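> how would this look folded up:
(one chain, ligands or ions: 1)
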Amino acid sequence: MKPKYIDHIGIAVKSLDESIPYYENLLGTKCYAIEEVKEQFVKTAFFLLGQTKIELLESTDPDGPIGNFIEKRGEGIHHLAFAVDSTDEALTEAKANGIALIDRRSRKGAERMNIGFLHPKSTHGILIEFCSK
Ligand code: ZN
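Residues are numbered from 1 along each chain as shown. All right, here's what the predicted structure looks like:
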(Lines give C-alpha, C1' and ligand atoms only; values in the text may rest on other atoms or scores of the structure.)
Protein backbone atom coordinates (compact mmCIF):
# COMPACT_ATOMS: atom_id res chain seq x y z
CA MET A 1 0.00 0.00 0.00
CA LYS A 2 1.57 3.20 -1.16
CA PRO A 3 1.38 6.37 0.93
CA LYS A 4 -0.75 8.90 -0.97
CA TYR A 5 0.72 12.18 0.21
CA ILE A 6 2.27 13.83 3.25
CA ASP A 7 -0.66 14.28 5.63
CA HIS A 8 1.28 16.28 8.19
CA ILE A 9 4.62 17.16 9.65
CA GLY A 10 4.80 16.96 13.44
CA ILE A 11 6.97 19.59 15.11
CA ALA A 12 7.88 19.38 18.79
CA VAL A 13 7.67 22.78 20.49
CA LYS A 14 8.19 23.91 24.05
CA SER A 15 5.16 26.18 24.09
CA LEU A 16 2.07 26.34 21.86
CA ASP A 17 1.34 29.82 23.21
CA GLU A 18 4.65 31.02 21.82
CA SER A 19 4.81 28.98 18.62
CA ILE A 20 1.21 29.36 17.36
CA PRO A 21 1.53 33.11 16.64
CA TYR A 22 4.91 32.45 14.98
CA TYR A 23 3.46 29.83 12.63
CA GLU A 24 0.33 31.88 11.94
CA ASN A 25 2.60 34.70 10.86
CA LEU A 26 4.93 32.44 8.84
CA LEU A 27 2.18 30.49 7.08
CA GLY A 28 -0.34 33.31 6.72
CA THR A 29 -3.09 31.08 8.06
CA LYS A 30 -4.78 30.65 11.43
CA CYS A 31 -4.39 27.63 13.64
CA TYR A 32 -7.72 25.81 13.06
CA ALA A 33 -7.69 23.30 15.91
CA ILE A 34 -6.08 22.76 19.28
CA GLU A 35 -6.54 19.34 20.81
CA GLU A 36 -5.10 17.49 23.77
CA VAL A 37 -4.29 13.81 23.23
CA LYS A 38 -4.12 12.57 26.81
CA GLU A 39 -2.76 9.09 26.05
CA GLN A 40 0.20 10.69 24.25
CA PHE A 41 0.79 13.44 26.83
CA VAL A 42 0.58 16.14 24.17
CA LYS A 43 -1.39 19.17 23.18
CA THR A 44 -1.54 19.63 19.42
CA ALA A 45 -2.20 22.64 17.22
CA PHE A 46 -2.99 22.30 13.51
CA PHE A 47 -2.48 24.47 10.45
CA LEU A 48 -3.66 23.51 6.97
CA LEU A 49 -1.47 24.11 3.91
CA GLY A 50 -3.11 22.62 0.82
CA GLN A 51 -3.74 19.01 1.81
CA THR A 52 -0.80 18.94 4.19
CA LYS A 53 -1.02 19.95 7.83
CA ILE A 54 1.55 21.26 10.25
CA GLU A 55 1.02 19.72 13.68
CA LEU A 56 2.68 21.50 16.58
CA LEU A 57 3.20 19.24 19.59
CA GLU A 58 3.59 20.55 23.12
CA SER A 59 4.32 18.10 25.91
CA THR A 60 1.95 17.91 28.86
CA ASP A 61 4.27 15.59 30.82
CA PRO A 62 8.10 15.72 30.93
CA ASP A 63 8.16 11.87 30.83
CA GLY A 64 5.90 11.65 27.77
CA PRO A 65 7.23 11.09 24.23
CA ILE A 66 7.42 14.78 23.29
CA GLY A 67 8.88 15.72 26.68
CA ASN A 68 11.60 13.11 26.16
CA PHE A 69 12.23 14.21 22.59
CA ILE A 70 12.70 17.87 23.55
CA GLU A 71 14.89 16.89 26.49
CA LYS A 72 17.20 14.89 24.18
CA ARG A 73 17.08 16.84 20.94
CA GLY A 74 15.44 20.17 21.57
CA GLU A 75 12.60 21.59 19.49
CA GLY A 76 12.31 20.46 15.89
CA ILE A 77 10.73 18.05 13.44
CA HIS A 78 9.42 15.10 15.39
CA HIS A 79 7.70 12.98 12.75
CA LEU A 80 6.50 12.77 9.18
CA ALA A 81 3.01 11.37 8.55
CA PHE A 82 1.96 9.73 5.31
CA ALA A 83 -1.71 9.43 4.42
CA VAL A 84 -2.72 5.86 3.58
CA ASP A 85 -6.10 4.27 2.82
CA SER A 86 -5.87 1.96 5.82
CA THR A 87 -3.32 2.35 8.61
CA ASP A 88 -3.77 -1.26 9.76
CA GLU A 89 -3.16 -2.63 6.26
CA ALA A 90 -0.17 -0.32 5.75
CA LEU A 91 1.37 -1.47 9.07
CA THR A 92 0.82 -5.14 8.22
CA GLU A 93 2.38 -4.67 4.81
CA ALA A 94 5.36 -2.74 6.22
CA LYS A 95 5.98 -5.53 8.74
CA ALA A 96 5.82 -8.14 5.97
CA ASN A 97 8.44 -6.08 4.12
CA GLY A 98 10.81 -6.27 7.08
CA ILE A 99 10.19 -2.78 8.47
CA ALA A 100 10.27 -2.58 12.27
CA LEU A 101 7.15 -1.12 13.85
CA ILE A 102 6.36 0.76 17.02
CA ASP A 103 2.65 0.04 16.57
CA ARG A 104 1.46 -3.31 15.26
CA ARG A 105 -2.09 -2.00 15.10
CA SER A 106 -3.47 1.48 14.62
CA ARG A 107 -4.65 3.62 17.50
CA LYS A 108 -6.59 6.86 17.72
CA GLY A 109 -4.61 10.06 17.38
CA ALA A 110 -5.56 13.72 17.10
CA GLU A 111 -8.55 14.46 14.85
CA ARG A 112 -9.77 10.87 15.42
CA MET A 113 -7.29 9.66 12.83
CA ASN A 114 -6.11 6.06 12.90
CA ILE A 115 -2.38 6.32 13.38
CA GLY A 116 0.56 3.96 13.66
CA PHE A 117 4.31 4.55 13.86
CA LEU A 118 7.23 2.78 12.21
CA HIS A 119 10.34 2.29 14.30
CA PRO A 120 13.02 4.93 13.58
CA LYS A 121 15.73 2.23 13.55
CA SER A 122 14.24 1.09 10.20
CA THR A 123 13.65 4.52 8.74
CA HIS A 124 17.05 6.22 8.75
CA GLY A 125 16.38 8.30 11.81
CA ILE A 126 13.00 9.79 10.93
CA LEU A 127 9.96 8.79 12.93
CA ILE A 128 7.32 7.90 10.32
CA GLU A 129 3.60 7.71 10.94
CA PHE A 130 0.87 6.22 8.77
CA CYS A 131 -2.52 7.79 9.18
CA SER A 132 -5.97 7.27 7.76
CA LYS A 133 -9.47 8.58 8.44
ZN1 ZN B 1 1.24 12.87 13.67
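> show the subsequent helix or strand relative to the helix ranked longest in the chain.
Secondary structure of the chain per DSSP state H: the longest helix is helix 16-27. Using DSSP states H and E, the helix or strand that follows helix 16-27 towards the C-terminus is strand 33-37.
> and the protein, which of its residues are near the ion?
Proximity of the chain to the ion, by C-beta under 5 Å from the ion, involves residues G10, A81, E129. For every residue, glycine as well, the C-beta is placed using N, CA and C.
> and what about the second one, helix, strand or coil?
This points to A81. strand (DSSP: H, G, I helix; E, B strand; the rest coil).
> pLDDT wise, what is the closest residue to it other than its chain neighbours at?
Using C-beta to C-beta, 6 or more residues apart in numbering and skipping residues adjacent in sequence, the residue nearest A81 is E129, 4.0 Å away. E129 carries a pLDDT value of 96.
> what's the helix or strand for E129?
strand 127-132.
> against which helices or strands is that strand packed?
Contacts defined by 3 or more C-beta pairs under 8 Å, 6 or more residues apart in numbering; DSSP states H and E place strand 127-132 against strand 5-13, strand 76-83, helix 87-96, strand 114-117.
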